[in-house]
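[1] Next comes the sequence, and after it the predicted model I'd like to discuss.
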Amino acid sequence: MTEFELVAALTERLPTNDFVVVGAGDDCAVLELGSPDTQTLFKTDAVVEGIHFTPETEPALIGHKALARCLSDIAAMGGTPTAGLVTIALPDHFESARITELYSGLNRLAVRHQVAVVGGETTSNPERLLISVTVLGTVPRGRAILRSGAKIGEAIFVTGELGGSRAGKHLDFEPRLAEGRWLAQTGFVTAMMDISDGLAGDLPHLLAASGGLGAEILATALPISRAARERARESDLAPSARVAALTDGEDFELLLTVAPGRSVALLDGWKSQFPSVNLTCIGKVTAGPGVWLRTEDGVRPLTLKGYQHFA
């Protein structure tokens, strides 16, 4: 059973109540908790030694990543994070100084984005270090950007550059919180999510959530990172830069669809707001099914897969 088959099986009959606006299946849950102007975003994520970082990883970067992953999901909904809880499971013979430095990295990111860290839990996990973070946030009422709003003919955009997580981007990325809020406020964005499992893995999730649509991606338009290009040049064993941009995972950029006729206005506004961050149109939504890649040799199905646990 793959990760996504397991998730589908586990979430099929989850209990719900009148507080739930959006439940499992999007970047965050959306809850109705009585505020007249806002709704609440609710997100949890975990990082595990040997999966998301190595024993040699600088501890401050581990803490940064543990919180940043949740903040990236808040960004994908167009929201603002407010408070978080941290659960840390410690292996035998852990070094207290290392854990203190881990929290320093987490706390620095929290301060930068005005997130209160309000508690959590400590426990033991004999084999390896694990950190689980839960974050609350807010979004203007009815304005959360979901994965499910894409329509045929809309343009597909990504922020920043793709590929390069293997060179360390996955540890020190900055969540696109300001960018996500601005994109949501334009009214031009119909669907959005963050890229955590690679473009080839996450774009199909957005298309499935939007009713089983398809997409055509222009290979030459992919904004490939310098790190991905350099790694491909330096080693015959490394994937090509294009493959890395499609599959590396943990880019934590925003993937979004834009209503027809709004692309030029979106790009003009973006350039004035975020001149140092790319926003690139990489393709269009189609009737489907599947994702197709247009290359110099023609159009073919995209058979590459993003990262999957349990694969």
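    Thanks, I have it.
[2] Return the residues in contact with residue 299.
    Residue 299 makes contact with 216, 292-293, according to CB atoms under 8 Å, 6 or more residues apart in numbering. Every residue, glycine included, has its C-beta placed from N, CA and C.
[3] List the beta-bridge partners for it.
    For residue 299, the beta-bridge partners are residue 294 (DSSP bridges).
[4] Give me the distance between it and residue 246.
    Between residue 299 and residue 246 the distance is 15 Å, computed by CB to CB, to the nearest Å.
[5] what do you get for residue 235?
    Using CB to CB, we find residue 235 at a distance of 18 Å from residue 246.
[6] More neighbours: the two, which one.
    residue 246 (28 against 9; other CB atoms under 10 Å).
[7] ok, and the closest non-adjacent residue to that one?
    residue 200 (4.3 Å; CB to CB, 6 or more residues apart in numbering).
[8] Other residues contacting the helix or strand where the one you found lies?
    Taking DSSP states H and E as the definition, residue 200 sits inside helix 199-209. By CB under 8 Å, 6+ apart, the residues outside helix 199-209 that reach it are 4, 25-26, 146-148, 150, 156, 158, 162, 191, 193-196, 213-215, 217, 222, 245-247, 249, 251, 255, 257, 285, 288, 291, 302, 304-308.
[9] What is the subsequent helix or strand relative to that helix?
    Moving toward the C-terminus from helix 199-209, the next helix or strand (DSSP H and E) is strand 214-218.
[10] With just CA atoms, put stretch 246-255 into CSV.
    What follows is stretch 246-255, C-alpha atoms only, in CSV (Å, rounded to 0.1, in the frame of the first residue of the first chain):
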residue,chain,number,x,y,z
LEU,A,246,10.1,17.6,-11.3
THR,A,247,10.8,15.0,-8.7
ASP,A,248,13.3,16.2,-6.0
GLY,A,249,10.5,17.0,-3.5
GLU,A,250,10.7,19.4,-0.5
ASP,A,251,10.8,22.5,-2.7
PHE,A,252,8.2,24.2,-0.5
GLU,A,253,7.3,26.5,-3.3
LEU,A,254,3.7,27.4,-4.1
LEU,A,255,1.8,25.7,-7.0
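[11] wouldn't residue 75 be in contact with residue 196 here?
    No. Under the criterion of CB atoms under 8 Å, residue 75 is not in contact with residue 196, lying 11.8 Å apart.
[12] Contact partners for residue 244?
    Residue 244 sits next to 162-164, 166, 224, 228, 231-232, 238 when contact means CB under 8 Å, 6+ apart.
[13] Where does it sit, in terms of helix or strand?
    Taking DSSP H and E as the criterion, residue 244 maps to helix 241-247.
[14] can you check residue 65 too?
    Assigned by DSSP H and E, residue 65 belongs to helix 59-76.
[15] Quick check: which ranges of the chain have low pLDDT?
    307-308, 310-311 (pLDDT under 70).
[16] looking at the contacts of residue 244, which has the most residues close by?
    Of the contacts of residue 244, with other CB under 10 Å as the count, residue 163 tops at 31 neighbours.
[17] And the residue nearest to residue 289 when sequence neighbours are not counted, how close does it get to residue 267?
    Leaving aside its sequence neighbours, residue 289 sits nearest to residue 214 (CB to CB, 6+ apart; 5.3 Å). Distance, residue 214 to residue 267, by CB to CB: 24 Å.
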